[in-house]
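Sharing a model that was predicted from the sequence below.
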Amino acid sequence: MPQSYDREAMPDAWRDGDPRSGRLAEEQAALRRVATRVARGAGSDELFSAVIDEVGRLFCSDQAAVARFDPDGPEMVVVGATAGIRGVSVGARWPLEDFLASTVVYRTGRPARNDHTGHRDASGPVADSLRQMHVASTVAAPIVVEGRVWGVMTVSDMEKPLPADAEQRLEKFTELVGTAIANAESRAELSASEARAHDLAREQTALRRVATLVAEGPSAEELFAAVAREVGDVVGIPVVGLLRYEDDRTVTMVGVAGDTALALGSRWPVEDAGLAGMILATGRPARKEDYSTMPGPVGAAVRADRMTTTVGVPIVVEGGIWGFMVGGAKPGRRIPDGTEERLARFTELVATAIANSQAREHLAQLATEQAALRRVATLVAEGATADKVFSAVAEEIEEVLAIPVVTICRCEPDGFLVIRSNGMPGFPAGSRWPWDVPSLPGLIYQTGRPARIDDFTDAAGLNAAARDAGVRGAVGVPIVVGGTVWGSICAATTKDDPLPGDAEERLGRFRALIATSISNTVMREELAASRARIVAAGDDARRRIERDLHDGAQQRLVTLAVALRRAEGKIPPGLDDVRAEVARVADGLSTAVEELHELSRGIHPSILTEGGLSPALKALGRRSAVRVKLDVGFERRLPDHVEVAAYYTVSEALTNAAKHAGAMRVWVTLRAPEDVLVLSIRDDGVGGADPSQGSGLTGLRDRIEALGGDFQLESPRGSGTTIEVRIPIGEALDRRPEPNVPLAPMAPAESPRMSDVRP
């Protein structure tokens, strides 16, 4: 819980931020404690409470708070506050008045302060609260998450202005808070992506079961009942029904599943205010969320069944509305957004089964197509690369649709790029074509809709080249990602027989899977880049702190120690007590310099920056409590993020070997074949290391994986511990070019050495 702090109990020098006091060491200790909580993935409440506590202690203030800026308007919401701020509690909302320092942060994204004179003559609840709290000075610093100003941290003093460097000191804490929030958002994003992939796999499995059942030729009753059960289970709707339109403007319940009293075979009138009437009138999905005032037998039956919300999707057979699928929710349950789209995927199967109930050949074709979609969907759900999905789609389309020529193209600023080409001479994968030459992909991009060419007799441009290559008919559909046309799938035939009339629709089922694969690829790469940026930001902060300590406080302390030694030499004889006191102070300063040097080395070793990985690891070995055998098989410097990751991996391993493993020797080997750093660390200790118990190994694994590397640990009890690490050598992930599967196109028009290091 946030604490209160007694200003009178604090030394004046500490309270006023005197650099000669122990304030810097206390501040660094506070930052380390907060950084430790961030690294452990502490929850928001715990982190805000800890940061406020540390800031309050450093500034001797019981008026510190953290607030989040409301994205919907100029307002902030308190998410953490000390007990000393009367009338301000977590969840409170404050408008961003002009006289607040937080308002300046909101508008500029920079730290701010004020002396609270602006609220004296102002009116309103904010000004009233400030007058009641008698605040003399406030400093505010922004909390920045992924480049945006997420919120603000404030600290206030009721007696005098806060120290001149308060903004910079406070900003160090907000950087850690921003990192923690970014970590939490990244974890949430990854969890959501995994959940979507899981839902997709379950849905595709259900579609496969339905398609398989259709291919087996069941009775209509068996098919409808199975579809209702699958939809209720996969989509999570309490009640699912299938209804068929009759010639006398009624509907018949032909399939039902779930907790409902509505009977199979019952008939109901088509009322304009009900789902049946709305779907029949528009031919589109419909949703109804209030049956309380609907007259007639349908409204009465729904109310009696205690359904509160219904959603329906038409079942279209051979261009006409055959019926619809309906889902209903009971009190305390709701139908999720997007349910219409998910129901539509099942109604397509139902419609196909109905339209072809007397054509077994077509049912077998449907089963084959669904199996192909399942195979592609499985690749997507497993996180296969976009290139692998493109290849699988082209092969499946060629097999399922019996169309020999398949191309997949991607839109680019000056034309389109052929990514995959099966059976199309003259249009190989990797070739680029301009927009100003007539082509089927160009027509699809311009309209954003499927396109077809059944006659190439008068074709021009690339279409003429396709004709000369033997193409007689072609059809294509857009691949839409993020609301824009990313590219297209085109299928062509070299036979005189026309392409199937439903070719566009069947191609469309594959393009949805391609779009999902592209989106997943982009999300994975963005997540990896985000994790790498977080690691890089942490390393940069550690390096900056070490440099500030070395160039600032450490040098000042050395200067003071030298000055005291000179003063000691100038003390006249007979003042032995004074000389002894000066010598004691000088010795204390020398000790402080050594301690500060050790502290800065723990934050970020300067020898790593200046000399590179080999001398830094030798220094680690000399300081180690166990004997270290170091084998560095290369001489060149590596990128900063690679050297830092390798250094801290070895440092943590040596610490564990000495403190926990009881090891006598440690063998460290580094190699850099091609573009990968290979690091091996082996000890002769007791083994049994378990990262799941909260050791520093977990943080190391996260760091290595954030850089696109691999971390492997083997630690059988009684047989020592071996750590194998592989880190890609190249640019940091946050500096790499954008993924090669953009969401949106541009408008048309990148000798070995051995050393034995002993403690």
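Happy to help now that I have it.

Tell me the pLDDT of the residue of the chain most remote from its centre.
In the chain, counting by Cα atoms, centre = their mean, residue 574 sits farthest out from the average C-alpha position, at 71.9 Å. Turning to residue 574, the model gives it a pLDDT of 76.

Doesn't it lie inside a helix?
No. Under DSSP: H, G, I helix; E, B strand; the rest coil, residue 574 falls outside any helix and is assigned coil.

Please tell me how far it sits from residue 43.
Distance, residue 574 to residue 43, by Cβ to Cβ, to the nearest Å: 65 Å. For every residue, glycine as well, the C-beta is placed using N, CA and C.

May I ask which helix or strand of the chain has the lowest mean pLDDT?
Lowest by mean pLDDT, DSSP states H and E among the helices and strands of the chain is strand 753-757, with a mean of 39.

Can you give me the neighbour number for residue 189?
Residue 189: 14 surrounding residues under other Cβ atoms under 10 Å.

What mean pLDDT does the helix or strand harbouring it get?
Assigned by DSSP states H and E, residue 189 belongs to helix 166-215. For helix 166-215, mean pLDDT rounds to 74.

next SSE after that helix?
Past helix 166-215, the next helix or strand by DSSP H and E is helix 220-235.

residues in contact with the residue lying closest to residue 249 once chain neighbours are set aside?
The shortest distance from residue 249 to any residue that is not its chain neighbour, by Cβ to Cβ, 6 or more residues apart in numbering, is 4.8 Å, and that residue is residue 270. When contacts are counted by Cβ atoms under 8 Å, 6 or more residues apart in numbering, residue 270 is found next to 245, 249-251, 276-277, 280.

confidence score at residue 270?
92.

and what of residue 485?
84.

which parts of the helix or strand it falls within are buried?
Assigned by DSSP H and E, residue 485 falls within strand 484-493. Of all the residues in strand 484-493, those buried under the rule 16 or more other Cβ atoms under 10 Å are 485-493.

nearest to residue 105, of those residues?
Checking the buried residues of strand 484-493 against residue 105 with Cβ to Cβ, the nearest one is residue 486 at 38.7 Å.

Apart from its neighbours in sequence, what residue is nearest the closest one?
Per Cβ to Cβ, 6+ apart, closest to residue 486 is residue 479, 4.9 Å.

Of the contacts of residue 270, which belong to strands?
Judged by DSSP state E, the subset of those located in strands is 245, 250-251.

where does residue 132 land in three-state SS?
Assigned by three-state DSSP, the conformation of residue 132 is helix.

Packing partners of the one helix or strand residue 350 maps to?
Residue 350 is located in helix 339-355, with elements delineated by DSSP H and E. Helix 339-355 sits against helix 166-215, helix 220-235, strand 309-317, strand 320-329, helix 360-381, with contacts defined as 3 or more Cβ pairs under 8 Å, 6 or more residues apart in numbering; DSSP states H and E.

Apply 7 Å and report the result again.
helix 166-215, helix 220-235, strand 309-317, strand 320-329 (3 or more Cβ pairs under 7 Å, 6 or more residues apart in numbering; DSSP states H and E).

can you redo these as JSON lines with distance to residue 335?
Output for the helices and strands packed on helix 339-355, formatted as JSON lines (distance: least, Cβ to Cβ, whole Å):
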{"stretch": "helix 166-215", "distance to residue 335": "15"}
{"stretch": "helix 220-235", "distance to residue 335": "9"}
{"stretch": "strand 309-317", "distance to residue 335": "5"}
{"stretch": "strand 320-329", "distance to residue 335": "5"}
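
So which of those is nearest residue 405?
Across those, closest to residue 405 is helix 166-215 (Cβ to Cβ), at 26.2 Å.

The closest one versus helix 220-235: what angle between them?
Helix 166-215 runs at 170 degrees relative to helix 220-235, counting by axes from the mean of the first three to the mean of the last three Cα atoms, to 10 degrees.

Tell me which other helices or strands helix 166-215 touches.
Using 3+ Cβ pairs under 7 Å, 6+ apart, helix 166-215 sits against helix 23-39, helix 44-59, strand 137-145, strand 148-157, helix 220-235, helix 339-355, helix 360-381, helix 503-548.

any idea of the mean pLDDT for the helix or strand following the longest one?
Going back to what we said before, that points to helix 503-548. Once the chain leaves helix 503-548, the next helix or strand it forms, by DSSP H and E, is helix 554-570. Per-residue pLDDT values across helix 554-570 average out to 71.

Good, we can wrap up now.
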